[in-house]
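[1] Kindly return the folded structure for what I paste below:
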Amino acid sequence: MAGSAPILYEDEQLLVCVKPRGILAAKDASGKPAVTDSLPEGLFPVHRLDREATGLMVFAKTAESAAFLSDAMGKTVRKEYLAVCEGQPAPSGELTDLLYHDRVKNKTYVVARKRNGVREARLSYEVLRSGDTSLLRVLLHTGRTHQIRVQFASRGFPLCGDRKYGAKTGGDLQLYAWRLTLPHPDGRTLCFTLPEAYCPAEYTKEL
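    This is a model prediction of the structure:
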């Protein structure tokens, strides 16, 4: 499964696929494997997904659709995630922080005030199941690097498997880009859900 990116939908304007865990969302100077390695050439990336995470991604196939989708990000595109964190956050809530991403360390930090490179991050969530760990349904309102991971970790609830942000649990990062709702340039609204093969059934049965 790793290394290949199943295509869930494709037309002349865009392509929706599953990014497997452990590969980059787009090719970079590192030369590491990327989701685009197994996809048609000439795609335009319009958003990102952490290398350690798995889930839904959309790519534009023309410059015009890339501009359309990029403009829709943070407006009419709805990105929902499933995540498992350590501990028990409040049953639901909205988190807002100022985040700074250190490109050298590839790590994001919550900071107290705005300065160069600092951006506001906002998400809302609900707890679907709680115990020693909690299953979360997360809706992103902004799309910052490592946003979900650092916003929960900064409050004492790191995602399971996320050693970069202080998790005590090992294993894979428990973060899944689970549902993607987006406008199509032709006026339709498209909605996709991550196939169960890429997300544990014990998580999706709560939905």
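[2] Compute the number of surrounding residues for Cys60.
    I think there's a mix-up here, since residue 60 is Ala and not Cys. 21 (other Cβ atoms under 10 Å). For the C-beta atoms, the positions are set from N, CA and C on the backbone; glycine is no exception.
[3] my bad, Gly87
    14.
[4] That one contacts Gly131, correct?
    No. If you go by Cβ atoms under 8 Å, Gly87 and Gly131 don't touch, sitting 9.7 Å apart.
[5] Mind listing what's buried along stretch 178-198?
    Counting neighbours by 16 or more other Cβ atoms under 10 Å, one finds that the buried residues in stretch 178-198 are Trp178, Arg179, Leu180, Leu182, Pro183, His184, Pro185, Phe192, Leu194, Tyr198.
[6] And the strands in this structure?
    Using DSSP state E, the strands of the chain run over 7-10, 14-19, 44-45, 54-60, 78-86, 92-102, 107-111, 118-129, 133-140, 175-183, 189-193.
[7] relative orientation of the lengthiest helix in the chain and strand 175-183 in degrees?
    Counting residues, the longest helix found in the chain (DSSP state H) is helix 63-72. With axes from the mean of the first three to the mean of the last three Cα atoms, to 10 degrees applied, the angle from helix 63-72 to strand 175-183 works out at 110 degrees.
[8] Buried ones in helix 63-72, by neighbour count?
    So for helix 63-72, counting by 16+ other Cβ under 10 Å, buried means Ser65, Ala66, Phe68, Leu69, Ala72.
[9] Same check on stretch 35-48?
    Val35, Thr36, Leu39, Leu43, Phe44, Pro45, Val46, His47.
[10] now that stretch: mean pLDDT?
    For stretch 35-48, mean pLDDT rounds to 93.
[11] Ranking the strands of the chain by mean neighbour count, which comes first?
    strand 54-60 (a mean of 24; mean count of other Cβ atoms under 10 Å).
[12] Direction included, what does that one pair up with?
    strand 14-19 (antiparallel), strand 44-45 (antiparallel), strand 175-183 (parallel) (DSSP bridges).
[13] the inter-axis angle of the last one versus strand 78-86?
    If I follow you right, that is strand 175-183. Using the same axes, to 10 degrees, strand 175-183 lies at 170 degrees relative to strand 78-86.
[14] Show me how far strand 175-183 is from its chain's centre.
    Its chain's C-alpha centre and that of strand 175-183 lie 8 Å apart, by Cα atoms, centre = their mean, to the nearest Å.
[15] Thank you kindly, that will do.
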